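1. here's a sequence, model it:
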Amino acid sequence: MLFDGFVAVVDSGVGGLTILNNLQTEFPRCDFLYLADSSHCPYGTKTATEIKSRLRVIAEWLTLQRVSAVVLACNTASVFAEDLRREFDMPFYDVIVPTCKLVAATTVTKCVALLATDFTVGSKIYSKRLVQFGIETVSFACSSLVPFVENNAVKTSECDFALQKALRDLPNVNADTVILGCTHFPILKNKIMQYTGKAQIVQCVTDYSPQKELRRFGETIFFTTGDVAATEKASKFFPEAHFAHLNI
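-> Purely as a prediction, here's the structure:
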């Protein structure tokens, strides 16, 4: 079966469902293909070569499926958006550029904190873009939090300890805006808020919009490259997600 005209939403796991939910609300007629690359999750602890190689495999498969566009609902993947645009003849939408624009419109003090994966923090892609708006970014590498979402272990003492270890210095930054720079982190938002004080929390957004007016069915199909049962357990916060295995 080809998915001609579907919009692909790609994430290393289930975190991108937070982006998909927003897209479904905004474009109810759009058909979506959600791809959780769970067998290679998390991306944020891998090398640039490993991540780019994996994204190329996914992009090649999506090209064969004739999808109309790809939304990279993953900050780590979004670091490579320009590379993918040059290599493949289809639109790729990232979450970093539109999120930076949102942050620029949100912050008053021009001091923000970024919570993201180790790779996203190391790439400095957020700080380089935000400095163009005169914004100082203090970054916190939080790859250790992703597995708690993927393993449906958010409500554990181990998760609380990992949060405390990763974010204990966050209150000292005095940032007026905190960026959840990983699409897994909104699922941890209530716990993260214990460290953010009065700061505004900004979740990732995408600037995807249909190339033409949609006359489709509002269908969404879900794939995971990992274990189906484990992926569905991790995505309980998104009840409509029923995954099929994809071997790529």
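2. list the contacts of stretch 99-111.
-> Here stretch 99-111 makes contact (Cβ atoms under 8 Å, 6 or more residues apart in numbering) with 112, 126, 129-130, 133-136, 138, 173-177, 179, 181, 200, 202, 204-205. In this view, the C-beta of every residue, glycine as well, is placed from N, C-alpha and C.
3. one more: stretch 123-140?
-> 79, 96-97, 100, 103-104, 107, 110-116, 120-121, 166-167, 169-170, 173, 175, 179, 181.
4. over to stretch 232-239?
-> 13-14, 17, 20-21, 36, 149-152, 187, 241-243.
5. off-centre distance for it?
-> Stretch 232-239 has its C-alpha centroid displaced from the chain centroid by 16 Å (Cα atoms, centre = their mean, to the nearest Å).
6. what does stretch 227-245 give?
-> 17 Å.
7. same deal with stretch 225-237?
-> 16 Å.
8. start to end distance for that stretch?
-> For stretch 225-237, the separation between the terminal residues is 20 Å (Cα to Cα, to the nearest Å).
9. buried stuff in that stretch?
-> 225-226, 228, 230-232, 234-235 (16 or more other Cβ atoms under 10 Å).
10. stretch 14-26 too?
-> 14-20, 22-24.
11. what average pLDDT does that stretch get?
-> Averaged across stretch 14-26, pLDDT comes to 94.
12. quick one: contacts of the lengthiest helix in the chain?
-> Ordering each helix of the chain by length in residues (DSSP state H) puts helix 48-64 first. For helix 48-64, the surrounding residues in contact (Cβ under 8 Å, 6+ apart) are 2, 8, 10, 33, 35, 37, 40, 43, 46, 70, 76-77, 79-80, 83-84, 87-90, 92, 119, 246, 248.
13. please flag which of the buried residues of stretch 225-237 sit within strands.
-> Using DSSP state E, no member of the buried residues of stretch 225-237 falls in strands.
14. how about CSV for the residues you listed, with pLDDT added?
-> As requested, the buried residues of stretch 225-237 are arranged in CSV below (pLDDT from 0 to 100):
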residue, pLDDT
225, 97
226, 96
228, 96
230, 94
231, 95
232, 94
234, 91
235, 93
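15. ok so, going back, for the contacts of stretch 123-140, which ChimeraX command selects only the ones that are buried?
-> Typed into ChimeraX, the line below selects the buried ones among these, using 16+ other Cβ under 10 Å:
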select :79,96,97,100,103,104,107,110,111,112,113,114,115,116,120,121,166,167,170,173,175,179,181
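16. please, where are all the helices along this protein?
-> Using DSSP H, helices in the chain cover 17-26, 48-64, 75-78, 81-87, 96-106, 118-123, 125-130, 146-150, 157-167, 189-192, 228-234.
17. and the ones you listed: which comes nearest residue 209?
-> helix 17-26 (8.5 Å; Cβ to Cβ).
18. using CSV, write out the CA atom coordinates for stretch 68-85.
-> Presented in CSV, the C-alpha positions along stretch 68-85 are these (Å, rounded to 0.1, in the frame of the first residue of the first chain):
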residue,chain,number,x,y,z
SER,A,68,3.5,14.7,0.2
ALA,A,69,5.7,16.1,3.1
VAL,A,70,7.7,15.1,6.1
VAL,A,71,7.4,16.8,9.5
LEU,A,72,10.5,16.1,11.6
ALA,A,73,8.7,16.0,15.0
CYS,A,74,12.0,15.5,16.8
ASN,A,75,14.5,18.2,17.7
THR,A,76,17.5,15.9,17.1
ALA,A,77,16.3,14.9,13.7
SER,A,78,15.5,18.6,12.9
VAL,A,79,19.2,19.4,13.2
PHE,A,80,19.5,17.6,9.9
ALA,A,81,16.5,19.2,8.1
GLU,A,82,18.7,21.3,5.7
ASP,A,83,20.7,18.2,4.7
LEU,A,84,17.5,16.2,4.0
ARG,A,85,16.0,19.1,2.0
